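>>> Let's see this in three dimensions:
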Amino acid sequence: MTTVAGTSRWAVAALTAAGTLIAGCTGAAGPTPAAGPVGPGTAGTATVDGEVATGLAVPWGVAFLPDGSALVSERDSARILRIPAAGGAPIPVGEIADAAEPTPDREGGLLGLAVSPQFATDQTVFAYYSAAGENRVVRMSFDGTRLGPATPILTGIPAGVFHDGGRITFGPDGMLYVGTGDAKQAPLAQDLSSPAGKILRITPTGAPAPGNPFPGSPVYSYGHRNVQGLAFDSAGRLWAAEHGANTWDELNLIRPGGNYGWPLVEGHDDRAPYLNPEAQWRPADASPSGLAIAGNTAYLAALRGQRLWEIPLSGERAGTPRATLVGQLGRLRTIERAPDGTLWLTTSNRDGRGQPRPGDDRILRLRLTGPT
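Below is the predicted model of the structure:
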């Protein structure tokens with residue numbers, strides 16, 4: 001049974017409201033599969049400006065504290081580390097004791113992290129992880145030295161060996177956005193009674209956020225295969241990076257109540273009511289995970305593609321992506337914008353699918369130049 005902050009299942013009103021909302025959705029403008037992404041603008045450029053930390057075990061979540069230091073989750077060890085703003089030796093500050101035991105071929109574990117936008121007063125940190133038989137979101141206090149006990153606020157998210165989602169981030173509205181995967185049960189992505197294959201929007205206590213498109217439900221958008229990147233642009237629009245299956249990976253502009261098609265649609269498709277991606281890639285060139293936006297450029301970290309994609313944004317459109325760091329660092333997992341305006345980029349070469357290099361896994365600092 002799915003539970004949301006103590007509420008069993010999701011309100012039936014979400015299901016009955018779905019038909020009305022779905023009927024009103026129309027396909028957004030997007031690239032054609034043959035031509036690839038199109039659109040205006042020139043992307044900013046990110047260049048490596050040194051290492052922040054090395055010797056990490058599959059760093060997955062990165063969340064910055066007000067002083068510029070960051071909390072970093074290690075997927076397989078279930079540890080949470082604090083890394084100084086200037087870089088240096090990671091300091092262990094906690095561990096998720098009931099995180100599922102990792103195996104080389106699984107994608108779950110300790111995944112995303114988020115710091116409360118009210119951290120100065122509430123000292124609260126959030127994490128997404130795989131427990132026995134489910135994925136869940138928890139909240140913890142942090143006194144600057146140690147994390148307190150984890151309190152579940154969102155449970156019952158289907159878990160699998162693959163497609164566990166895991167990215168969490170706070171929006172400018174103070175609500176927590178949660179990206180989930182379909183847990184290899186593709187029909188769940190179209191099932192509004194399941195949290196799988198969705199972007200969820202909840203309050204900091206785990207309740208469905210006010211103003212959600214389906215009353216009484218945390219569902220914000222659906223029809224997703226495996227969301228692993230979430231970022232807001234300067235206008236407060238939400239963008240998401242998503243793993244496709246065999247044909248197209250996607251960068252999507254997320255609209256409340258939007259249906260992004262999986263498993264009925266992959267990539268650009270003009271059939272209503274499914275929404276088109278704003279950019280798409282062959283999985284060999286992407287398999288995207290982290291997503292960050294700085295100015296008018298989106299930066300998308302690619303795992304299988306082993307590169308960083310720089311995508312210019314113009315309002316609700318994405319321009320032509322440009323690849324950088326191709327093959328230089330191996331698999332790229334997470335990218336986040338630091339308070340000083342740089343980007344922190346993590347490698348994922350120790351995740352069972354990469355080829356570890358001396359010092360892996362590592363976090364790199366990227367400097368931004370150009371029209372950002």
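>>> Run a quick neighbour tally on Gly88.
11 (other C-beta atoms under 10 Å). C-beta: built from backbone N, CA, C; applies to glycine.
>>> scratch that, Leu65 is what I was asking about
Leu65 has 18 neighbouring residues, counting by other C-beta under 10 Å.
>>> Kindly provide the distance from it to Ile199.
25 Å (C-beta to C-beta, to the nearest Å).
>>> How about Glu310?
From Glu310 to Ile199 the distance is 23 Å (C-beta to C-beta).
>>> Run through the bridge partners of the nearest residue to Arg237 once chain neighbours are set aside.
Spatially, and ignoring its direct neighbours in sequence, Arg237 is nearest to Leu253 (6.3 Å; C-beta to C-beta, 6 or more residues apart in numbering). Per DSSP bridges, the residues bridged to Leu253 are Trp239.
>>> Find me the pLDDT at Leu253, would you?
Per-residue confidence at Leu253 stands at 98 (pLDDT).
>>> next one: the one 4 residues further on
Per-residue confidence at Gly257 stands at 98 (pLDDT).
>>> Tell me which helix or strand it sits in.
Following DSSP states H and E, there is no helix or strand that holds Gly257.
>>> how about the nearest residue to it, chain neighbours excluded?
Sequence neighbours aside, Pro213 is the residue nearest to Gly257 in space, at 3.3 Å (criterion: C-beta to C-beta, 6+ apart).
>>> repeat for Val227
Nearest to Val227 is Gly179, by C-beta to C-beta, 6+ apart, at 3.2 Å.
>>> Quick check, the one you found in contact with Tyr222.
No - using C-beta atoms under 8 Å as the test, Gly179 is too far from Tyr222 to be in contact (11.7 Å).
>>> can you list residues touching both of these two?
Common neighbours of Gly179 and Tyr222, using C-beta atoms under 8 Å, 6 or more residues apart in numbering, are Ile199.
>>> quick revisit: now do the residue nearest to Val227 against Thr205, distance only.
Taken as C-beta to C-beta, the span from Gly179 to Thr205 is 19 Å.
>>> same check, this time on Leu329
Taking C-beta to C-beta, one finds Leu329 at 38 Å from Thr205.
>>> And stretch 231-251, how far out from the chain middle?
Counting by C-alpha atoms, centre = their mean, to the nearest Å, stretch 231-251 is centred 9 Å from the centre of its parent chain.
>>> again, but for stretch 149-165
For stretch 149-165, the distance to the chain centre is 14 Å (C-alpha atoms, centre = their mean).
>>> End to end on it, go ahead and measure it.
23 Å (C-alpha to C-alpha, to the nearest Å).
>>> where in the stretch 151-300 of the chain is pLDDT low?
In the predicted model, the stretch 151-300 of the chain carries no residue with pLDDT under 70.
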